[in-house]
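K.L.:
coords below, sequence missing:
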């Protein structure tokens, strides 16, 4: 029998995978992929709690997270295209214009 | 029984796909694995009786977001392997493990108490999309409209950033560009 704990543990595992990606990726595009993983892991947790407590609020929050993720991709990708046109690279280490 | 088989199958595939996304050196492989993982996650939503959310997951994530990423990757050189210098790989895993543990403890702590009551309980005999629609258009109408405006703003921002000559910014000019302009 699959309980709420199973889903929450899965959500935590996926969230840690996403965190590993956020910490170790140096390429901006692949960093955005990792943030998508984080958002999806949280969505699974919301949907699971929504089912096991018989409450629709969790699903509502998941919808708004999907909307936020979609707009984040649109703006983030636009900014990345601008940056790539200027610098020719998406490496995070090259993202500094101040020399101190 | 079938729920258990489906759960373990979906979780194994999802974890494998997301691990490929995080670890792969090739951006194209990472994107394909991410798309496959998104589809598998929609399977969890169908298992959890959140039919509408599962459909939205497939349409928005694997349809729109992944298509947008694929479109964006046409601008970048994706066949070349991504070069990343990672300074302390062990520290990365330790840090992310500790952070994840801390987050899980912080968010699971309220569940231990027994005082959780359903704010908008699910009604028997009503399909999931109907129930979602009723709650979304009554209790969450204002956040829904705000989300619509936010998506419109994001769409306009994406069009302008990618289409107009935004890469010729005056505030971020590199010194050489000024000298080139001055020489002309």
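P.N.:
Thanks, I have the structure now. Keep in mind that what you see is a predicted model, and the values were worked out from it rather than measured.
K.L.:
and residue B:124, its phi and psi?
P.N.:
Dihedral pair for residue B:124: phi -70, psi 140, per degrees, to the nearest 10.
K.L.:
the one 3 residues further on too?
P.N.:
Recorded main-chain torsions at residue B:127 are phi -70, psi 160, according to degrees, to the nearest 10.
K.L.:
that one: what's it in contact with?
P.N.:
residue B:51 (Cβ atoms under 8 Å, 6 or more residues apart in numbering or on different chains). Bear in mind the C-beta positions are built from the backbone N, C-alpha and C, glycine included.
K.L.:
burial check on residue 55, number of neighbours?
P.N.:
By default, I'm working from chain A. 19 (other Cβ atoms under 10 Å in any protein chain shown).
K.L.:
oops, chain B please
P.N.:
Counted with other Cβ under 10 Å, residue B:55 comes out at 15.
K.L.:
which residues touch residue 96?
P.N.:
All of this refers to chain A. So residue A:96 contacts nothing (Cβ under 8 Å, 6+ apart).
K.L.:
if you could check chain B rather than the one you did, that'd help
P.N.:
Contacts of residue B:96 by Cβ under 8 Å, 6+ apart are A:16, A:19, A:20, A:22, A:23.
K.L.:
so what's it scoring on pLDDT?
P.N.:
For residue B:96, the pLDDT comes out at 80.
K.L.:
now it: how far from residue A:22?
P.N.:
The spacing between residue B:96 and residue A:22, counted by Cβ to Cβ, to the nearest Å, is 8 Å.
K.L.:
repeat that for residue A:7.
P.N.:
In terms of Cβ to Cβ, residue A:7 sits 22 Å off from residue A:22.
K.L.:
more neighbours, the two?
P.N.:
For residue A:7 versus residue A:22, the count of surrounding residues by other Cβ under 10 Å is larger for residue A:7: 22 against 19.
K.L.:
list the buried residues of stretch B:50-70.
P.N.:
Neighbour counts over stretch B:50-70 (16 or more other Cβ atoms under 10 Å in any protein chain shown) mark B:50, B:52-54, B:56-58, B:60-62, B:65-66, B:68-69 as buried.
K.L.:
could you give the mean pLDDT of that stretch?
P.N.:
Taken as a whole, stretch B:50-70 has a mean pLDDT of 89.
K.L.:
can you check stretch A:39-58 too?
P.N.:
Here stretch A:39-58 scores 89 as its mean pLDDT.
K.L.:
what about it and chain B, touching?
P.N.:
Yes: residues of stretch A:39-58 are located near chain B by Cβ under 8 Å from any Cβ of the partner chain, namely A:40, A:43-45, A:47-51, A:53-57.
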